[in-house]
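Student: prediction below, plus the sequence it came from.
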Amino acid sequence: MSKLNKAMSLIQKFKKDINTLRSAVDGEIYLDVKNPKLYKKLLRFYENSGAVFSGDPLDDYDILMEYVFNDLETSDVA
């Protein structure tokens, strides 16, 4: 799956959560604290897309936010 297709999939799958995702990427909120259910869904979404996480919660959070940031930047929502 190309980067752009994955970005569009992120936007489509989580369209009602875009503002929350943007706040998390901007460091305004901690998604795992503010919305742990959404955080777990995002982890699963990226794992199913082939993303590899370290198993360390802090590292995994940073990795996930990087993926979300990149996908938001490559979409029309940016």
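Tutor: Looks like it came in fine.
Student: from residue 47, how far out is residue 53?
Tutor: Distance of residue 53 to residue 47, computed by Cβ to Cβ, to the nearest Å: 7 Å. (Each C-beta comes from the backbone N, C-alpha and C, glycine too.)
Student: neighbour count winner among these two?
Tutor: More neighbours surround residue 53 than the other of residue 53 and residue 47, with 15 against 12 (other Cβ atoms under 10 Å).
Student: shaky segments in this structure?
Tutor: 1-8, 76-78 (pLDDT under 70).
Student: find the residue at the geometric middle of it.
Tutor: Of all residues in the chain, the one closest to the mean position by Cα atoms, centre = their mean is residue 68, 3.4 Å from it.
Student: which residues in the chain form helices?
Tutor: For the chain, helices defined by DSSP state H occupy the ranges 3-13, 18-25, 31-34, 36-48, 57-73.
Student: show me which residues of the shortest one are buried.
Tutor: Residues of helix 31-34 classed as buried by neighbour count (16 or more other Cβ atoms under 10 Å): 31, 32.
Student: what packs against it?
Tutor: helix 18-25, helix 36-48, helix 57-73 (3 or more Cβ pairs under 8 Å, 6 or more residues apart in numbering; DSSP states H and E).
Student: disregarding residues adjacent in the polypeptide, which is nearest to residue 45?
Tutor: In this structure, residue 45 finds its nearest non-sequential neighbour in residue 13, 6.5 Å apart by Cβ to Cβ, 6 or more residues apart in numbering.
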